[in-house]
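In: got a structure for you, letters missing:
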């Protein structure tokens, strides 16, 4: 995924500005009783600073692969928030994840970019990380029964596979099976703007 900088000093993704308020409205009630959240694939860092600002009761842990850390630091440095943590080095496929105790995990627009083995690794890692009643919230486009929810999602999936044949919009049923394998059960499936969804699972 490529980003264009808004001021030539930090990365910028227009989609983050477009979807941040609907996502916040969806996750704020879910995370109301949480204290610490790990974001997987923080990307530019835009979501982290926005959500941490609007949910000051949370300590927000950013994470991503190393090449994204400089951009995340730029957003965090500018925001200067006391409740958001510098990025942890995390590739979901790495054998051991950073040691951090969190009540919830959040990730936006990642599973359709990942390969299937990485999607599997994400759920397995979250299952190991979360304790009982911990939450996993995923935002993005998803298929149901192998069917696209819109023509635009079908075109998006074609574009994804054109750049990487092993990527693509994932079926909810597949994700829910992987979640079950990791000890998670589905608790929410919310419609979001632009044919996206907010999925949430709870650790049994």
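Out: Cool, the structure landed. Source: prediction; values computed, not measured. Residues are numbered from 1 along each chain as shown.
In: going forward, measure contacts between C-alpha atoms and count neighbours the same way
Out: OK.
In: Check which helix or strand the residue nearest in space to the middle of the chain maps to.
Out: The centroid of the chain falls nearest to residue 107 when counting by C-alpha atoms, centre = their mean (0.9 Å). According to DSSP states H and E, residue 107 maps onto strand 104-108.
In: next structured bit after that strand?
Out: Downstream of strand 104-108, the first helix or strand assigned by DSSP H and E is helix 116-129.
In: strands paired with the strand holding residue 107, and their directions?
Out: strand 36-39 (parallel), strand 135-140 (parallel) (DSSP bridges).
In: possible to save these as TSV with mean pLDDT?
Out: Formatted as TSV, the strands paired with strand 104-108 follow (pLDDT from 0 to 100):
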stretch	mean pLDDT
strand 36-39	98
strand 135-140	98
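In: Let me have those strands in CSV, adding mean neighbour count as columns.
Out: What follows is the strands paired with strand 104-108, written out as CSV (neighbours: other C-alpha atoms under 10 Å):
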stretch, mean neighbour count
strand 36-39, 24
strand 135-140, 24
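In: between those, which gets nearest to residue 16?
Out: Of all the strands paired with strand 104-108, strand 135-140 sits nearest to residue 16, with 11.6 Å by C-alpha to C-alpha.
In: and that closest one with helix 116-129, angle?
Out: Counting by axes from the mean of the first three to the mean of the last three C-alpha atoms, to 10 degrees, strand 135-140 lies at 150 degrees to helix 116-129.
In: about what we covered before: redo the strands paired with strand 104-108 as TSV? Include distance to residue 62.
Out: Output for the strands paired with strand 104-108, formatted as TSV (distance: least, C-alpha to C-alpha, whole Å):
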stretch	distance to residue 62
strand 36-39	5
strand 135-140	15
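In: residues contacting residue 90?
Out: Residue 90 makes contact with 40, 63-66, 97-98, according to C-alpha atoms under 8 Å, 6 or more residues apart in numbering.
In: any idea how far it is from residue 71?
Out: Using C-alpha to C-alpha, to the nearest Å, we find residue 90 at a distance of 15 Å from residue 71.
In: swap in residue 201?
Out: 29 Å.
In: what do you get for residue 134?
Out: 29 Å.
In: Kindly report the same for residue 193.
Out: Plainly put, residue 193 is 27 Å away from residue 71 if you go by C-alpha to C-alpha.
In: Looking at these two, which is more packed in?
Out: residue 71 (21 against 10; other C-alpha atoms under 10 Å).
In: Spell out the secondary structure type for that one.
Out: helix (DSSP: H, G, I helix; E, B strand; the rest coil).
In: contacting residues around the longest helix seen in the chain?
Out: As assigned by DSSP state H, the longest helix anywhere in the chain is helix 14-30. Outside helix 14-30, the residues that touch it by C-alpha under 8 Å, 6+ apart are 46-47, 50-51, 55, 137, 139, 190, 192-193, 198.
In: hang on, isn't residue 197 packed against residue 137?
Out: No: if you go by C-alpha atoms under 8 Å, residue 197 and residue 137 don't touch, sitting 10.2 Å apart.
In: re the thing from before, from the contacts of residue 90, pick the one nearest residue 184.
Out: Using C-alpha to C-alpha, residue 40 is the member of those that sits closest to residue 184, with 17.1 Å.
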